[in-house]
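Visitor: Model the structure of this input:
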Amino acid sequence: MQVINGQTVSLGPAPAADARVAAELIHATDPHVFGYLHAHDMDRLRDHLGRQWQAEGGIFSHRLAVAALHEGRMVGLALGFDRARQQAELLPFLTQAQQWLDDAAFRDLARWFEYGGFVLPPVPEDAFYLQNLATVEAVRGRGVGQRLLADVIERAQGAGLTRLQLDLYAENPARALYERAGLRTIVETRVRPLEAAGIGPHLRMELKF
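Guide: Numbers count the residues shown, from 1 in each chain. This next block holds a predicted model:
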């Protein structure tokens with residue numbers, strides 16, 4: 001349990017009901033990519049990612065996340081999985097996206113797969129992939145992100161995996177958090193067809209256990 005300004009923040013199962021907060025936190029982990037995927041329409045993004053968060057399956061489901069909780073409300077999240085879980089949850093995500101997005105928006109999402117794989121390389125079989133980690137602004141810099149990351153590392157080791165990997169845009173301030181925890185950049189990627197859309201260099205970072 002983390003004490004912050006006399007209050008407590010604890011880690012626990014992520015609440016499905018905090019869908020709006022979850023959507024905004026997921027967006028904050030990579031606003032360039034998530035903005036691109038939703039035509040930089042925050043209402044569309046909140047609706048779509050909020051629905052994905054509340055779903056029982058899919059790569060953005062609350063069931064795959066641990067939350068930082070303050071007075072019963074989510075103030076941070078860490079969402080991730082191993083490769084097998086990622087592959088199992090991708091189809092539910094796409095099926096739900098086709099249901100909840102209009103045709104034009106789904107086509108925008110589908111176009112991502114032409115080049116997005118270069119931005120987000122495959123996850124190795126022995127790795128835990130931290131897809132999203134973020135905290136609300138009110139608690140940033142107070143150790144909550146560090147606590148979430150330590151929990152991710154502990155859970156990955158407990159599952160018998162041998163490394164943690166994540167992707168982030170190169171200018172993300174969270175890079176310092178990850179480097180302090182021992183993660184190192186192993187790949188830096190620029191995808192020129194996406195640069196015009198504001199998606200600049202991305203890093204794949206890794207921590208071996």
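
Visitor: contacts and neighbour counts: CA atoms only from here.
Guide: OK.

Visitor: Let me know the distance separating residue 170 from residue 195.
Guide: From residue 170 over to residue 195 the distance is 13 Å, taken as CA to CA, to the nearest Å.

Visitor: neighbour count winner among those two?
Guide: Neighbour totals were compared for residue 170 and residue 195, and residue 170 leads with 16 against 11 (other CA atoms under 10 Å).

Visitor: do you know how far that one is from residue 22?
Guide: In terms of CA to CA, residue 170 sits 22 Å off from residue 22.

Visitor: ok now do the residue sitting nearest the centre point of the chain, which residues does it touch?
Guide: Centroid-nearest residue in the chain: residue 132, 1.7 Å away (criterion: CA atoms, centre = their mean). By CA atoms under 8 Å, 6 or more residues apart in numbering, residue 132 lies in contact with 26, 29, 77, 78, 79, 80.

Visitor: Tell me which strands the helix or strand where it lies pairs with, and in which orientation.
Guide: Element membership for residue 132, per DSSP states H and E: strand 127-135. The pairing partners recorded for strand 127-135 under DSSP bridges are strand 73-82 (antiparallel), strand 163-169 (parallel).

Visitor: what's the spacing between the residue nearest to the centre of the chain and residue 196?
Guide: From residue 132 to residue 196 the distance is 24 Å (CA to CA).

Visitor: any idea of the pLDDT on residue 174?
Guide: Note for residue 174: predicted pLDDT of 96.

Visitor: burial count for it?
Guide: Residue 174 has 15 neighbours, counted by other CA under 10 Å.

Visitor: And it, its phi and psi?
Guide: Phi and psi for residue 174, reported as degrees, to the nearest 10, are phi -70, psi -10.

Visitor: all helices of the chain, in order?
Guide: 19-29, 31-37, 42-54, 83-100, 103-119, 144-158, 175-180, 192-195 (DSSP state H).

Visitor: Rebuild those helices as TSV, extending it with distance to residue 61.
Guide: TSV is the format used below for these (distance: least, CA to CA, whole Å):
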stretch	distance to residue 61
helix 19-29	10
helix 31-37	16
helix 42-54	4
helix 83-100	9
helix 103-119	18
helix 144-158	16
helix 175-180	23
helix 192-195	27
